[in-house]
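A.B. asks: Provided below are the primary sequence and the corresponding predicted coordinates.
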Amino acid sequence: MPDGGPLPFSVLNGTPSVVNLLDALQGWQLVRAASDALGAPAAASMKHVSPAGAALAGDVDATARATFALDGPLSAVASAYARARDCDPRSSYGDLAALSHL
């Protein structure tokens, strides 16, 4: 932060790089706008300041469930993230997950 104060969010693991911070800020803007406009939980898989995938909550197809080893029911946010990762699973590896809801 410019004044040396704390970040306006919590880092759960590790030390964020500048690119990680940009991914977090841009990802949050993307999922917030999508969720507000479309009225559903949204998620984005951010990689190197670009979305590798973005999606709204919904059904996750059988192929994506098998790819990501998803068993049983998913929350709306989990389904949005699985669908976002499924847009480009290879590019999403090591991504920053941006979620509109908890």
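C.D. replies: Happy to help now that I have it. What you see is a predicted model, and the numbers here were worked out from it, not measured in a lab. Residues are numbered from 1 along each chain as shown.

A.B. asks: my guess is Tyr81 is in a helix, correct?
C.D. replies: Yes. Tyr81: assigned to a helix according to DSSP: H, G, I helix; E, B strand; the rest coil.

A.B. asks: quick one: it and Asp95 touch, right?
C.D. replies: No. At 9.8 Å, Tyr81 does not count as touching Asp95 under the criterion of C-beta atoms under 8 Å. In short, each C-beta sits where N, CA and C put it, glycine included.

A.B. asks: higher neighbour count, these two?
C.D. replies: A direct count of neighbours by other C-beta atoms under 10 Å for Tyr81 and Asp95 places Tyr81 higher, at 28 against 22.

A.B. asks: Quick check: that one vs Met1, distance?
C.D. replies: 28 Å (C-beta to C-beta, to the nearest Å).

A.B. asks: same question, Val18
C.D. replies: Separation of Val18 from Met1 (C-beta to C-beta): 13 Å.

A.B. asks: Strands of the chain, residue ranges please.
C.D. replies: Secondary structure of the chain (DSSP state E): strands located at 42-47, 50-56, 96-99.

A.B. asks: Contacts for the lengthiest helix in the chain, please.
C.D. replies: For the chain, the longest helix by residue count, based on DSSP state H, is helix 18-38. With contacts defined as C-beta atoms under 8 Å, 6 or more residues apart in numbering, helix 18-38 is touched by 9, 16, 41-44, 46-49, 51, 54, 56, 96-101.

A.B. asks: Could you check the angle it makes with strand 50-56?
C.D. replies: Orientation of helix 18-38 against strand 50-56 (axes from the mean of the first three to the mean of the last three C-alpha atoms, to 10 degrees) gives an angle of 30 degrees.

A.B. asks: Please save the CA atoms from helix 18-38 in PDB.
C.D. replies: C-alpha atoms of helix 18-38 as PDB (Å, rounded to 0.1, in the frame of the first residue of the first chain):
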ATOM      1  CA  VAL A  18       3.400  -7.800  -8.200                       C
ATOM      2  CA  VAL A  19       1.800 -10.000 -10.800                       C
ATOM      3  CA  ASN A  20      -0.100 -11.900  -8.100                       C
ATOM      4  CA  LEU A  21      -1.500  -8.600  -6.800                       C
ATOM      5  CA  LEU A  22      -2.500  -7.500 -10.300                       C
ATOM      6  CA  ASP A  23      -4.200 -10.900 -10.900                       C
ATOM      7  CA  ALA A  24      -6.100 -10.500  -7.600                       C
ATOM      8  CA  LEU A  25      -7.200  -6.900  -8.300                       C
ATOM      9  CA  GLN A  26      -8.200  -7.600 -11.900                       C
ATOM     10  CA  GLY A  27      -9.800 -11.000 -11.000                       C
ATOM     11  CA  TRP A  28     -11.900  -9.400  -8.300                       C
ATOM     12  CA  GLN A  29     -13.100  -6.700 -10.700                       C
ATOM     13  CA  LEU A  30     -14.000  -9.300 -13.300                       C
ATOM     14  CA  VAL A  31     -16.000 -11.600 -11.000                       C
ATOM     15  CA  ARG A  32     -17.700  -8.700  -9.100                       C
ATOM     16  CA  ALA A  33     -18.900  -7.200 -12.400                       C
ATOM     17  CA  ALA A  34     -20.100 -10.500 -13.800                       C
ATOM     18  CA  SER A  35     -21.900 -11.500 -10.600                       C
ATOM     19  CA  ASP A  36     -23.500  -8.100 -10.300                       C
ATOM     20  CA  ALA A  37     -24.600  -8.000 -13.900                       C
ATOM     21  CA  LEU A  38     -25.800 -11.600 -14.200                       C
END
